[in-house]
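>>> Just to be clear, the model below is a prediction. Sequence and coordinates:
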Amino acid sequence: MPELPEVETVVRQLREQLVGRRVESAKVLWERTVARPSLAAFRRGIRGREISGLRRRAKYIVFELDGGEASPGGRLLVGHLRMTGRFFVGDDPEPRATRVSFRLDDGRFLAFADIRKFGRLALGPRLDALTPPLGPEPLSDDFDGEWLATALRARRRQLKPLLLDQSFLAGLGNIYVDEALHLAGLHPLRSSDRVSKPRARRLAESIQAVLRRAIELQGSSFDTFYRTPEGQPGNYQHEFQVYGRHGKPCRSCGKPLRRIVVGQRGTHYCPRCQRA
Ligand SMILES: [Zn+2]
């Protein structure tokens with residue numbers, strides 16, 4: 001499933017192609033892709049809107065919309081790729097597995113394709129009405145070692161599920177949590193209230209370092225359908241230290257890496273570098 005670096009890559013590429021374009025109409029081929037409002041309100045609400053900006057919040061892609069009719073639907077179009085969602089911009093109105101296709105004022109199309117059909121689009125006035133509660137962005141000023149140390153202490157949860165919890169910290173998924181915990185030398189089952197302040201600082205730095213490097217490499221294409229909107233795979237999978245490498249030697253210490261299941265998620269760690 002695309003995580004923060006993959007969604008950030010998608011947003012950056014779409015931004016270049018879409019900001020300033022106007023949406024002339026929307027064709028919905030799979031109704032359940034549109035989470036809200038009603039189909040009629042969605043079609044009406046999107047028509048004639050100019051895409052004035054594009055940004056990411058957590059794993060959501062946020063299109064900012066201006067103009068159009070009396071804005072019945074609101075001014076934000078929010079997309080979540082889930083497992084296999086992809087956006088295409090081009091001359092083809094309906095690439096394979098297209099669920100919603102938007103006709104643009106330059107004659108091209110923005111298509112949302114999604115083989116597994118878990119992805120969602122929603123239109124509304126405010127972001128917080130379109131997403132569940134979301135924690136701070138790990139690459140923003142709202143997040144640092146001090147914040148993390150306090151937040152970890154205030155909870156008593158295992159690190160892996162806590163860091164996956166989007167209401168605690170936004171944007172991380174299975175891959176980047178495993179990689180950040182390894183870089184910080186923390187066992188995935190460690191209780192959050194038993195992480196020292198220096199170690200919490202190191203974890204914050206590790207999370208940011210892993211995410212920045214992954215964005216630089218346009219995300220990871222491993223065991224997923226993730227491709228950038230330009231059709232390229234990401235490249236961070238070549239730098240995985242632990243994710244998917246169970247049984248192979250740790251790149252830091254040589255000890256064979258392990259895989260356990262935590263909260264139904266495969267979890268990869270080094271038994272020597274990340275002691276329980
Ligand atoms: Zn190791």
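Received the coordinates, thanks.

>>> Leaving out sequence neighbours, find the closest residue to G119.
Using CB to CB, 6 or more residues apart in numbering and skipping residues adjacent in sequence, the residue nearest G119 is G85, 3.0 Å away. For the C-beta atoms, the positions are set from N, CA and C on the backbone; glycine is no exception.

>>> how close does the residue nearest the centre of the chain sit to P133?
The centroid of the chain falls nearest to K59 when counting by CA atoms, centre = their mean (2.8 Å). When CB to CB, to the nearest Å is applied, the distance between K59 and P133 equals 14 Å.

>>> what sits in contact with each of the two?
Taking CB atoms under 8 Å, 6 or more residues apart in numbering as the criterion, K59 and P133 both touch Q166.

>>> Now do the domain split for the chain, please.
If the domains of the chain are taken from automatic domain parsing, they occupy 4-130, 145-269, with pieces of a single domain joined by a plus sign.

>>> Please state the offset of the last one from the chain centre?
Right, domain 145-269. From the chain centre to the centre of domain 145-269 is a distance of 14 Å (CA atoms, centre = their mean, to the nearest Å).

>>> Compute the first-to-last residue distance for that domain.
Length of domain 145-269, first residue to last, CA to CA, to the nearest Å: 22 Å.

>>> Same check on the longest one?
End-to-end span of domain 4-130 (CA to CA): 18 Å.

>>> Quick one: mean pLDDT over that domain.
Domain 4-130 shows a mean pLDDT of 94 in the predicted model.

>>> Helices along the protein, start to end?
Under the criterion DSSP state H, the chain contains helices at 4-18, 39-46, 127-130, 145-153, 159-164, 174-184, 197-216.

>>> Now do the buried residues in the shortest one.
Neighbour-count burial for helix 127-130, with 16 or more other CB atoms under 10 Å as criterion, is recorded at 127, 130.

>>> helices or strands next to it in the packing?
Packed against helix 127-130 by the contact rule (3 or more CB pairs under 8 Å, 6 or more residues apart in numbering; DSSP states H and E) you find strand 60-67, strand 76-80.

>>> Please identify the most buried of those strands.
Mean neighbour counts were compared across the helices and strands packed on helix 127-130 using mean count of other CB atoms under 10 Å; the top stretch is strand 76-80, at a mean of 22.

>>> So what touches that strand?
46, 59-65, 85, 87, 112, 119-127, 130-131.

>>> what's the answer for stretch 262-276, then?
Residues outside stretch 262-276 that contact it (CB under 8 Å, 6+ apart) are 158, 160-161, 164, 174, 178, 181-182, 185-190, 242-246, 250, 252-253, 255, 257-261.

>>> Is the ion within reach of it?
Yes. Legend: contact between stretch 262-276 and the ion by CB under 5 Å from the ion is shown at 270, 272-273.

>>> ok, now stretch 242-250?
Yes. Contact between stretch 242-250 and the ion is present through C250 (criterion: CB under 5 Å from the ion).

>>> Sort out which residues of that stretch are buried, please.
Within stretch 242-250, the residues scored as buried using 16+ other CB under 10 Å are 242-245, 250.

>>> Rounded mean pLDDT for that stretch, please.
Taken as a whole, stretch 242-250 has a mean pLDDT of 97.

>>> got the end-to-end distance for that stretch?
Between the opening and closing residues of stretch 242-250 there is a gap of 7 Å (CA to CA).

>>> hmm, who's touching that stretch?
Taking CB under 8 Å, 6+ apart as the rule, stretch 242-250 contacts 174-175, 178-179, 182, 222-223, 237, 241, 255-259, 268-270, 272-273.

>>> out of those, which are buried?
Looking at the contacts of stretch 242-250 with 16+ other CB under 10 Å, the buried ones turn out to be 174-175, 178-179, 182, 237, 241, 257-258, 268-270, 273.

>>> just the residues of stretch 262-276 next to the ion now: which is nearest V195?
Of all these, the one sitting nearest V195 is C273; the distance, using CB to CB, is 15.5 Å.

>>> for the stretch 101-250 of the chain, which spans come out with low pLDDT?
Across the stretch 101-250 of the chain, residues meeting the criterion (pLDDT under 70) sit at 223-225.

>>> give me the residue from it nearest the ion.
C250 (3.0 Å; CB to the ion).

>>> State the distance from that residue to E205.
According to CB to CB, C250 stands 20 Å off from E205.

>>> close to the ion, is stretch 172-180?
No. No part of stretch 172-180 sits close enough to the ion to count as contact by CB under 5 Å from the ion; the gap is at least 13.0 Å.
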